[in-house]
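> I'll drop the sequence and a predicted model, then ask my questions.
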Amino acid sequence: MDNSPPQQLTPSQKQAVCHIEGPLLVLAGPGSGKTRVITHRIAALIDSGVRPYNICAITFTNKAAEEMRQRAFALGASAGAHISTFHSLCVRLLRRHADKAGVKSNFSIYDQADQRRCIKQAVKDCQLDTTNFPPAKILDAVSTLKNKLIDAKPFEENADDFFSKTLAHIYLRYQHLLGERNSLDFDDLLMKTAFLLEGCPDVNAEIGNRFKFVLIDEYQDTNHAQYRIAKALVAQHNNICATGDPDQSIYRWRGADIHNILAFESDWPEATIIKLEENFRSTPNILTAADNLIANNRKRKLKKLLPTRPEGGDIVITASDNETAEARSIARHIEELIDQNAALNDIAVFYRVNSMSRTLEEAFIHAKVPYQIVRGVEFYNRKEIRDILAYLKTIVNPDDEVALLRIINTPTRGIGKVTIDRVRAYAADSRISLFEAIKRAEHIDTLSNSAKGRLAAFADMFRRFAKANLGPAAPLAEIVFVESGLADSLLAAGVEGKDASENANELINAAADYDRKADEPSLIDYLQEISLFSDADAYDPTAGRVALMTLHAAKGLEFENVFIVGVEEGLLPHERTNSHDDLDELEEERRLFFVGITRAKTNLHLSYAQYRTIRGQCLRTIPSQFLFELGCTFEEQQFEDDEDDFDDWEYEDSTESIPTVRFAVGQLVRHQSFGLGRVTEFVDVGENSTVTVKFNTGQTKSLMIKYACLEKA
């Protein structure tokens, strides 16, 4: 391999690639080639004499890790370097050092659905009402504690109010249930790894000697646990290369801490700082708009986006009557792009929340525009897929009670609730797992002989599965699908079962694809890969369809033509953001818009609706303040949907005069959904008059009076 850096690298990229010893922070703006820098850096380290075995590169999605591996391989870098996501690295370390981490090496990884079931059981076990203690909110609170590396026992000891004490009680029970089921949730993977590396000097020394050069991508997205893991990994040598951009930190809601990258120089005072400012993706007008927008944030590292592409493309802002008209406007613009020979793969539509996809899908179906919804975890949430995976999880970890209970009578095999309850009671009395109790069914006196026989057949089936659990995942998945009876049950379901059967076959195909790519394929690693699957991993750039996705899922992607819909106050920035009370939330929303804008290579289309139906209410909207922060000249279009068959807004054609109720500023009013509030503005334009109300919930809404059902209080 040539000792000199490749000629296609810019001077700043070459500097980052050639840096060897000591901490390095690479501030990489969007489209600045940071993946190229990371992969070339891996190659340069190897070329300088570093063994691939001693290099560890960490990123945040499976897709990004796979792209990094492929690029490194193309550069001639040996396959010996470890390239993975944070969670995958943690799983590897925990399985290898299971005894010291306090886990069993065959632990299951609970996805969100499994976690919700488990936390719900914990709430019930604590004799609490799930109405007063919603499992989803409790799970969020527990996740926040784990991300901060606060374990259940220390939290209980420091709890000093009713809610904290109750939360501690649930947290302890939740962890106990996970332990009984030999399972970890996503946050456990990070927390237990951090405790392992910090609490076991011998393990830390072994890992430090193994990974002598650590590269961390998307450093701005690390949470506290990942930050501590990163520091522990490099504690012996400080050879850390962090790549990221504070302006693209958009995961505060899941624990990401922007201060980790902002304080990098404080953590490593001797660090070298390199800025990658050249942008190879977007046209100058898009970069100017993005720069103007993000300059309004305080928490950032100053840098510019320097265009390398010539002028070209458009920034268009469209104002539509309502969300239906907005969706049809997008569909028509895409039809025009298709007529101009634009590739469908090069067109994407972004929105703030998933629910906004409905009107877009309806418009695309009517216009016959092919599209894909980038929401990949939904495939793995289908019943037939979860059923097969539950069988596979039980093979690997028989203690996984959630998986076991899912398939013990799926398909129906005569093992009903009464039988299961009796087996569970026996397991509890004998202090053994549910699966172990099933294997001892003949000794359970409360069971009938027929029930004992059915349980024995079930246990025998898993003995056969266990013998087949050697090597690749796909053959075993196919054996399970057939011998469990799932294939026959779907066949018997007729037309409804046909789609489910095809989905099952697609899962087996996916397992076969994993087998081909893996060096040493195994069922446990395949299940691990699935459990860490994210929406971003689901995007298929070869699908030949327009991509519809949330702004969060768009991170790391790029398209010639980008549409961002719903650029309105309450959506972007989201309604939870109150610029007066939480500037951090507002800055994160601005960063999210910045990420969306900088996905566009040539054309950027922004749109907002003047009225939008939210929770059944037709509400007057306000264009987002972010639009006015772009600070650039753009073409604004007014779109009016004149097709009657798609016009849901009959009030525009109404000939009946609707009397206008007048409101005074400061007046107390009541709304059936938002409650009590005070009027802050009244705009009298006849029957289309609007009123702005600040409600006691903290929300401020602009409402069209004739639809708002607003009462004077």
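Arrived safely. Residues are numbered from 1 along each chain as shown.
> ok, V683 to T621 distance?
14 Å (C-beta to C-beta, to the nearest Å). C-beta here means a position set from N, CA and C on the backbone, and glycine is covered the same way.
> and what of E270?
51 Å.
> And the two? Which one has more around it.
T621 (22 against 8; other C-beta atoms under 10 Å).
> Would you check that the more buried one makes contact with E569?
Yes. The pair T621 / E569 is scored as a contact, 7.0 Å apart, by C-beta atoms under 8 Å.
> quick check: longest helix of this protein.
As assigned by DSSP state H, the longest helix anywhere in the chain is helix 495-517.
> which residues are contacting that helix?
379, 382-385, 388-389, 472-474, 477-478, 481, 486-487, 489-491, 493, 521, 526, 529 (C-beta atoms under 8 Å, 6 or more residues apart in numbering).
> Dump that helix to CSV, keeping only the CA atoms.
Only the C-alpha atoms of helix 495-517 are listed here, as CSV (Å, rounded to 0.1, in the frame of the first residue of the first chain):
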residue,chain,number,x,y,z
VAL,A,495,-55.6,-16.0,1.6
GLU,A,496,-54.9,-14.3,4.9
GLY,A,497,-52.1,-16.7,5.6
LYS,A,498,-50.5,-16.3,2.2
ASP,A,499,-49.0,-12.9,2.9
ALA,A,500,-47.8,-14.1,6.4
SER,A,501,-46.2,-17.1,4.8
GLU,A,502,-44.4,-14.9,2.3
ASN,A,503,-43.1,-12.7,5.2
ALA,A,504,-41.8,-15.8,6.9
ASN,A,505,-40.0,-16.9,3.8
GLU,A,506,-38.5,-13.4,3.6
LEU,A,507,-37.2,-13.7,7.1
ILE,A,508,-35.5,-17.0,6.1
ASN,A,509,-34.0,-15.2,3.1
ALA,A,510,-32.7,-12.5,5.4
ALA,A,511,-31.2,-15.1,7.6
ALA,A,512,-29.5,-16.7,4.5
ASP,A,513,-28.2,-13.3,3.6
TYR,A,514,-26.7,-13.0,7.1
ASP,A,515,-25.1,-16.4,6.8
ARG,A,516,-23.4,-15.5,3.5
LYS,A,517,-21.9,-12.3,5.0
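> now that helix: mean pLDDT?
Confidence over helix 495-517 (mean pLDDT, whole number) is 85.
> Next SSE downstream of it?
helix 523-531 (DSSP states H and E).
> For that following helix, name the packing helices and strands.
helix 86-96, strand 108-110, helix 383-396, helix 473-483, helix 495-517 (3 or more C-beta pairs under 8 Å, 6 or more residues apart in numbering; DSSP states H and E).
> Quickly run through the sheet partners of the shortest one, with directions.
Each strand that pairs with strand 108-110, with its direction, by DSSP bridges: strand 183-185 (parallel).
> List of residues touching the next helix or strand after the partner strand?
Using DSSP H and E, the helix or strand that follows strand 183-185 towards the C-terminus is helix 186-199. With contact meaning C-beta under 8 Å, 6+ apart, helix 186-199 is reached by 86-87, 89-91, 93-94, 97, 100-103, 109-110, 115, 142-143, 146-147, 149, 151, 178, 184, 203-204, 207, 223, 225-226, 228-229, 232-233, 532.
> Same check on stretch 486-493?
384, 387-388, 391, 410-412, 480-481, 497-498, 500-501, 504.
> what's the farthest-apart pair in those?
Y391 and K498 (20.9 Å; C-beta to C-beta).
> which residues in the stretch 301-450 of the chain form strands?
All strands of the stretch 301-450 of the chain, identified by DSSP state E, counting those that start in this stretch, fall at 306-307, 315-320, 347-351, 371-373.
> Most tightly packed of those?
strand 347-351 (a mean of 26; mean count of other C-beta atoms under 10 Å).
> From the contacts of helix 186-199, keep the buried residues only.
86-87, 89-91, 93-94, 97, 101, 103, 109-110, 115, 142-143, 146-147, 149, 178, 184, 203-204, 207, 223, 225-226, 228-229, 232-233, 532 (16 or more other C-beta atoms under 10 Å).
> how distant is stretch 678-695 from the center of its chain?
38 Å (C-alpha atoms, centre = their mean, to the nearest Å).
> Likewise for stretch 425-443?
That offset, for stretch 425-443, works out to 38 Å (C-alpha atoms, centre = their mean).
> buried residues in that stretch?
Judged by neighbour count (16+ other C-beta under 10 Å), stretch 425-443 contains these buried residues: Y426, A427, S433, L434, F435, A437, I438, K439, R440, A441.
> ok, the residue lying closest to the fifth one once chain neighbours are set aside to I438 distance?
Right, the one you point to is F435. Nearest residue to F435, sequence neighbours excluded (C-beta to C-beta, 6 or more residues apart in numbering): P398, at 3.9 Å. P398 sits 9 Å away from I438, going by C-beta to C-beta.
> lowest average confidence, helix or strand, in this structure?
strand 635-639 (a mean of 58; mean pLDDT, DSSP states H and E).
> tell me what the next helix or strand after it is packed against?
Next helix or strand after strand 635-639 toward the C-terminus (DSSP H and E): strand 668-671. On a contact count with 3+ C-beta pairs under 8 Å, 6+ apart, strand 668-671 meets strand 675-683, strand 690-695, strand 711-712.
> Dump those into a markdown table; add distance to A543 as well.
Below are the helices and strands packed on strand 668-671 laid out as a markdown table (distance: least, C-beta to C-beta, whole Å):
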| stretch | distance to A543 |
| --- | --- |
| strand 675-683 | 45 |
| strand 690-695 | 42 |
| strand 711-712 | 50 |
